[in-house]
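**Student:** A structural model of the following input is requested.
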Amino acid sequence: MNRLFRYVFVTLFSPSLLFGYAQKKVSEQTLQDYWIDKYLSVSFPLRNIEISSSFGPRKDPFTGKARAHGGLDLKARYEKVLAMFDGSVINIGYDAGSGNYIVMQHGDYTISYCHLSKICVRKGDMVYAGDPVGISGNTGRSTGPHLHITSRLRGRLEDPYNLLTYIRDVKLQCITALHVSEKTLLSPNEFFNRYAHAAMTQQKKYGIPASVILSQMALESRWGSSTLAQAGFNYFGIKANRSWLNSGLPYSVHDDDLEGEKFCNFASPEASMEYHSKLLMSDRYKRCRLYSSTDFHNWLVQIKDAGYATAKNYVQKCERIIMKYRLYLYDAEANRL
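**Tutor:** This is a model prediction of the structure:
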């Protein structure tokens, strides 16, 4: 009997099997993170893309004569213009032809956005894909509100349509790999615009930096696309404890560190945020409260040290999100509320 028990125990709980399962979960998560990061690395310049004038030869709208069109015109009536890729603003200005314009460097590509009614960045600014950089308009040599884009690859003029096609293909590839619809994946700006006010409310109520709440929310839910977020508004990867289960509260079963683990289901993202805040107010995380609501670094260190996450680089991942999307500004704003 003891020999049989030993055989069953070793078979079910051998380190090789457990390591193999853990390795599989890590590789799956890493692959998901890769596709999400890739999806967020590109953005269409406008929410809706409709070409009004293509790159190449055309009839000049002012003279009626044949003339090369060195860019691409998109229909846009005073709409937000978004950075197509991560990069930097290398020039802004005004001239009689382009009107208000922005020039950005994205690797080997230089992209110009022209005829803007408003410029929202400064020369030297770092921008990320999906960041608002201006408002489309009708300035300069223009017959009506639209967005004119020019692109150069290592100085040579290129058809911007190739970039739009590339962005479309990347997004399609990513959502196919992730098995989600495009509506499920919010851009970082959409994500933070949707949840920033609720996070600042939590900061005022509990003293937890809004930047910490938002970065954890984005990381744990994979920008709202995770199975937990979709199935039960669980944006923080919170497992259902004995108290939750004994109270008969809803839960769903998912594979995480172990197969078939139980996770809390919430009525809304805000309910998930409230529960997360109360969790950080428990004795387990009491050392967090030694630090101010603007000290996101030490809050994250204490959250990690108290056992919230097992990933060694958890703090760095959250801080990267905070710094990249300037979430610390929400901490300061919440203190002024």
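
**Student:** C-alpha from now on. contacts and neighbour counts both.
**Tutor:** OK.

**Student:** which residue is nearest the middle of this protein?
**Tutor:** P188 (3.1 Å; C-alpha atoms, centre = their mean).

**Student:** got the contact list for stretch 287-298?
**Tutor:** 203, 207-212, 280, 299, 302-303, 315, 319, 328, 331-332 (C-alpha atoms under 8 Å, 6 or more residues apart in numbering).

**Student:** now with 7 Å, please.
**Tutor:** Contact partners of stretch 287-298, identified using C-alpha atoms under 7 Å, 6 or more residues apart in numbering, comprise G207, I208, P209, S211, V212, W299, Q302, I303, D331, A332.

**Student:** can you list those residues in JSON lines and add neighbour count?
**Tutor:** Shown next, in JSON lines, are the contacts of stretch 287-298 (neighbours: other C-alpha atoms under 10 Å):
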{"residue": "G207", "neighbour count": "21"}
{"residue": "I208", "neighbour count": "27"}
{"residue": "P209", "neighbour count": "29"}
{"residue": "S211", "neighbour count": "32"}
{"residue": "V212", "neighbour count": "28"}
{"residue": "W299", "neighbour count": "24"}
{"residue": "Q302", "neighbour count": "20"}
{"residue": "I303", "neighbour count": "21"}
{"residue": "D331", "neighbour count": "25"}
{"residue": "A332", "neighbour count": "16"}
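
**Student:** any chance of these in JSON lines, plus secondary structure?
**Tutor:** Output for those, formatted as JSON lines (DSSP: H, G, I helix; E, B strand; the rest coil):
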{"residue": "G207", "secondary structure": "coil"}
{"residue": "I208", "secondary structure": "coil"}
{"residue": "P209", "secondary structure": "coil"}
{"residue": "S211", "secondary structure": "helix"}
{"residue": "V212", "secondary structure": "helix"}
{"residue": "W299", "secondary structure": "helix"}
{"residue": "Q302", "secondary structure": "helix"}
{"residue": "I303", "secondary structure": "helix"}
{"residue": "D331", "secondary structure": "helix"}
{"residue": "A332", "secondary structure": "helix"}
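
**Student:** closest one of the residues you listed to Y195?
**Tutor:** Here the nearest of those to Y195, counting by C-alpha to C-alpha, is S211; it sits at 10.9 Å.

**Student:** any stretches of the stretch 151-300 of the chain with poor pLDDT?
**Tutor:** Where the stretch 151-300 of the chain drops to pLDDT under 70, the residues are 257.

**Student:** would you map the helices across the stretch 151-300 of the chain?
**Tutor:** Counting by DSSP state H, counting those that start in this stretch, the stretch 151-300 of the chain has helices at residues 161-178, 188-206, 210-221, 227-232, 242-246, 269-280, 296-305.

**Student:** okay, those helices, which one's buried deepest?
**Tutor:** The highest mean neighbour count among those, using mean count of other C-alpha atoms under 10 Å, belongs to helix 210-221: a mean of 25.

**Student:** using PDB, write out every CA atom in that helix.
**Tutor:** Output of helix 210-221 as PDB, limited to C-alpha atoms (Å, rounded to 0.1, in the frame of the first residue of the first chain):
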ATOM      1  CA  ALA A 210      -3.600  55.700  -9.300                       C
ATOM      2  CA  SER A 211      -0.600  54.900 -11.400                       C
ATOM      3  CA  VAL A 212      -0.100  51.700  -9.400                       C
ATOM      4  CA  ILE A 213      -3.800  50.700  -9.900                       C
ATOM      5  CA  LEU A 214      -3.700  51.500 -13.600                       C
ATOM      6  CA  SER A 215      -0.400  49.800 -14.300                       C
ATOM      7  CA  GLN A 216      -1.400  46.600 -12.400                       C
ATOM      8  CA  MET A 217      -4.800  46.700 -14.200                       C
ATOM      9  CA  ALA A 218      -3.200  46.900 -17.600                       C
ATOM     10  CA  LEU A 219      -0.500  44.300 -16.900                       C
ATOM     11  CA  GLU A 220      -2.700  41.700 -15.200                       C
ATOM     12  CA  SER A 221      -5.600  42.000 -17.700                       C
END
